[in-house]
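Enquirer: The following block contains a protein sequence and its predicted model.
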Amino acid sequence: MWNEALNKRLGIEDLDLYGILVENERQGITFDQLLTIPEQDD
């Protein structure tokens with residue numbers, strides 16, 4: 001569930017936590033910023 005929510009916030013799918021951290025850095029946002037992005041349920 002954790003990874004699914006982070007994937008959705010980054011606009012990606014099916015990455016594990018390591019992949020999420022790499023993508024997070026690639027997009028130029030910090031992990032703290034990623035955690036504060038509001039959920040978009042639609």
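Expert: Yes, it's here.
Enquirer: Find the centremost residue of the protein, please.
Expert: residue 6 (3.2 Å; C-alpha atoms, centre = their mean).
Enquirer: residues in contact with the residue nearest to that residue when sequence neighbours are not counted?
Expert: Distance criterion C-beta to C-beta, 6 or more residues apart in numbering; nearest residue to residue 6, sequence neighbours excluded, is residue 20 at 4.9 Å. Heads up, the C-betas are built off the backbone N, CA and C, glycines and all. Counting by C-beta atoms under 8 Å, 6 or more residues apart in numbering, residue 20 touches 3, 6, 7, 10, 12, 34.
Enquirer: repeat for residue 7
Expert: 13, 14, 15, 20.
Enquirer: So the first one, which state does it fall into?
Expert: Pointing back at residue 13 there. coil (DSSP: H, G, I helix; E, B strand; the rest coil).
Enquirer: how close does it get to residue 30?
Expert: 22 Å (C-beta to C-beta, to the nearest Å).
Enquirer: ditto for residue 38
Expert: 16 Å.
Enquirer: mind checking pLDDT for residue 40?
Expert: As predicted, residue 40 sits at a pLDDT of 75.
Enquirer: Run a quick neighbour tally on it.
Expert: Applying other C-beta atoms under 10 Å, we find 8 residues neighbouring residue 40.
Enquirer: Distance check, it against residue 17.
Expert: On the measure of C-beta to C-beta, residue 40 and residue 17 end up 21 Å apart.
Enquirer: what do you get for residue 29?
Expert: In terms of C-beta to C-beta, residue 29 sits 16 Å off from residue 17.
Enquirer: higher neighbour count, these two?
Expert: residue 29 (15 against 10).
Enquirer: Sketch out the low-pLDDT regions of this structure for me.
Expert: 41-42 (pLDDT under 70).
Enquirer: My understanding was that residue 34 contacts residue 10; is that so?
Expert: Yes. Applying C-beta atoms under 8 Å as the test, residue 34 and residue 10 come out as touching, 7.0 Å apart.
Enquirer: Determine the residues that are contacts of both of those two.
Expert: Contacts common to residue 34 and residue 10, judged by C-beta under 8 Å, 6+ apart, are 20, 24.
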